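> Show me the folded form of this:
(one chain, ligands or ions: 1)
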Amino acid sequence: MTQSKLAVITGGSSGMGFHVAREMARRGNDLVLNARTPDAAAETIRNEFGVRVECVAGSIAEPEVTARIAAAAEAMGGTAALLLNHGGPPVKPLMELTEADWQEAFEMMVQGPLRLLRAIVPQMLARGEGRILAISSFTVKSPYGGIALSNSLRAALVNALKTAALELGPKGILVNALAPGYVETDRTKGWNDAYARAGNTTIEAVRNQTLESIPLRRYGTPEGFARMAALLLSADNDYVSGQQILYDGALITAN
Ligand SMILES: NC(=O)c1ccc[n+]([C@@H]2O[C@H](COP(=O)([O-])OP(=O)(O)OC[C@H]3O[C@@H](n4cnc5c(N)ncnc54)[C@H](OP(=O)(O)O)[C@@H]3O)[C@@H](O)[C@H]2O)c1
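Numbers count the residues shown, from 1 in each chain. The predicted model follows:
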């Protein structure tokens, strides 16, 4: 089997996506790095690891962005590993969500990732192998109130990826989702801040309450998440496919 040499990473300018990109570069992969603003992250990774990083700026929801990502990857010799990631959708009670909210989130969370998968898989077929991973969420298994878009559309993508694993497995392509529980990124810090303000309490109190539901008594780190993701995206993963794996510290969920 050929060693992975090119990883395509979407949602890679910050948070977990950035750390997965960084870890793949540390392992010697060149990158096609997508986000709406990927340039600074790409420069950081180039300086740190000396690998080639091509940026494709734009939303994963846009067909022309898919086309540019696939063309950049083809020009670099074809994709070995694909990470599907993006930001979280709006947080709103189910009864307040409009059809436009659903449509917009569907384009970013289901249509865009699957369009990119269709564009990249032929490059993997040409290599005779490939690894695909999506960043999902523990709430696919245990939906929380207030985040219907995330609960529903991530579940749709995870089941589409399970189908891809069944259909593409015979051709050497392994497909998985890695679902974070509470991983400490700027986004999580923003959430804690918002919860603290809404509940008229402190960020520390919100944090401690969350930690009580995590048997490991600590948040996950983007670096630790990235090591798991890079393993699933590399040839070191020779048999795990069709799974949604939780990176959650054995999180105790409400349901
Ligand atoms: N952190 C957690 O504990 C946690 C838990 C469960 C689920 N999640 C989910 O896991 C994913 C990553 O979380 P995170 O904390 O790493 O988030 P983050 O720090 O907000 O990073 C999101 C990344 O996606 C990019 N992005 C946003 N919209 C995009 C789009 N339409 N097309 C392409 N790239 C886009 C952002 O960069 P630009 O702004 O430059 O586009 C950024 O690089 C999110 O979907 C989040 O909802 C996170």
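> OK, now which residue of the chain is nearest to the ligand?
residue 15 (2.2 Å; Cβ to the nearest ligand atom). Where you see a C-beta, it was placed from the backbone N, CA and C, and this is true even at glycine.
> Now the closest residue to that residue other than its chain neighbours, what are its backbone angles?
Using Cβ to Cβ, 6 or more residues apart in numbering and skipping residues adjacent in sequence, the residue nearest residue 15 is residue 185, 3.9 Å away. Dihedral angles of residue 185 (phi, psi; degrees, to the nearest 10) stand at phi -120, psi 180.
> Identify the residues contacting residue 185.
The contact partners of residue 185, taken as Cβ atoms under 8 Å, 6 or more residues apart in numbering, are 14-16, 222.
> can you list the residues of the protein near the ligand?
Neighbours of the ligand within the chain, by Cβ under 6 Å from any ligand atom: 10-17, 34-37, 59-61, 85-88, 108, 135, 137, 180, 182-183, 185-188.
> Which strand in the chain has the most residues?
When the chain is parsed with DSSP state E, its longest strand is strand 173-180.
> name the helices or strands packed onto whichever helix or strand comes after it?
Following strand 173-180 in sequence order, the next helix or strand is helix 186-198 (DSSP states H and E). When contacts are defined as 3 or more Cβ pairs under 8 Å, 6 or more residues apart in numbering; DSSP states H and E, helix 186-198 packs onto helix 203-212.
> by how many degrees do the helix it packs on and helix 186-198 diverge?
Here helix 203-212 runs at an angle of 110 degrees relative to helix 186-198 (axes from the mean of the first three to the mean of the last three Cα atoms, to 10 degrees).
> Now tell me what touches helix 203-212 from outside.
By Cβ under 8 Å, 6+ apart, helix 203-212 touches 182, 189, 192-193, 195-196, 199, 217-219.
> ok, 7 Å please
Helix 203-212 is contacted by residues 182, 192-193, 195-196, 217 when judged by Cβ atoms under 7 Å, 6 or more residues apart in numbering.
> any idea how far the helix or strand following that helix is from the chain center?
Remark: after helix 203-212, the chain's next helix or strand is helix 222-232, criterion DSSP H and E. Offset of helix 222-232 from its chain centre (Cα atoms, centre = their mean, to the nearest Å): 11 Å.
> could you dump helix 222-232 to PDB, C-alpha only?
Taking C-alpha atoms only, helix 222-232 is exported to PDB below (Å, rounded to 0.1, in the frame of the first residue of the first chain):
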ATOM      1  CA  PRO A 222      -7.600  19.600  20.000                       C
ATOM      2  CA  GLU A 223      -4.200  18.100  19.900                       C
ATOM      3  CA  GLY A 224      -5.400  14.800  21.300                       C
ATOM      4  CA  PHE A 225      -8.400  14.800  19.000                       C
ATOM      5  CA  ALA A 226      -6.000  15.400  16.100                       C
ATOM      6  CA  ARG A 227      -3.800  12.400  17.000                       C
ATOM      7  CA  MET A 228      -6.900  10.200  16.900                       C
ATOM      8  CA  ALA A 229      -8.100  11.700  13.600                       C
ATOM      9  CA  ALA A 230      -4.700  11.400  12.000                       C
ATOM     10  CA  LEU A 231      -4.500   7.800  12.900                       C
ATOM     11  CA  LEU A 232      -7.900   7.100  11.300                       C
END
